[in-house]
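J.: Let's see this in three dimensions:
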Amino acid sequence: MWADEAALDAAGRRLDEWESGLAARAARAHALSARTQALTGAARSDDGLVEVTVDAAGLLADLRLDERIRRHSAAHTARQVVATTRAARADLLRRLTEATAETLGADDPAARAIVESHRRRLDPDQGPPDARR
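T.: Here you go, the predicted model:
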């Protein structure tokens, strides 16, 4: 009879540990979600004529053009806006990666999957290493 009670107690402890582990993971996931929703990325062109801010989804949130931009062609300005937007998305990805590592841990498999998902969304030119040939 004692063996059955000991096994039952051990099973109960394992379930309690499992439940608290799930609750802790859910709390970290909620904290990460709240934290990442508030993130933005920002960049400025090398010549300082274009400033871009992207929101947490990587979408353009703000674009500032210096008045000196008028000295350049529309094509040049367009290239600057596109390049600076890419740099702002790279900044956002860096911030998302840092927040994820700080919240979940850099070695956590879920953290790595989240970062990879953001990488695919924010930098579509960068696929998995094997795909870049």
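
J.: If we ignore the residues flanking it in sequence, what's nearest the spatially most central residue of the chain?
T.: Closest to where the C-alpha atoms of the chain average out (Cα atoms, centre = their mean) is Leu96, at 2.9 Å. Leaving out its chain neighbours, the residue that sits closest to Leu96 by Cβ to Cβ, 6 or more residues apart in numbering is His118, at 4.9 Å. Heads up, the C-betas are built off the backbone N, CA and C, glycines and all.

J.: and what of Asp66?
T.: What sits nearest to Asp66 in space, not counting adjacent residues and going by Cβ to Cβ, 6+ apart, is Leu49, at 4.5 Å.

J.: Would you list the phi and psi of that neighbour?
T.: Dihedral pair for Leu49: phi -90, psi -20, per degrees, to the nearest 10.

J.: was I right about it contacting Leu65?
T.: Yes - applying Cβ atoms under 8 Å, one finds Leu49 in contact with Leu65, separated by 6.6 Å.

J.: shared neighbours, those two?
T.: Thr77 (Cβ atoms under 8 Å, 6 or more residues apart in numbering).

J.: ok, those two, which is more surrounded?
T.: When neighbours are counted by other Cβ atoms under 10 Å, Leu49 and Leu65 differ, and Leu49 comes out ahead with 21 against 15.
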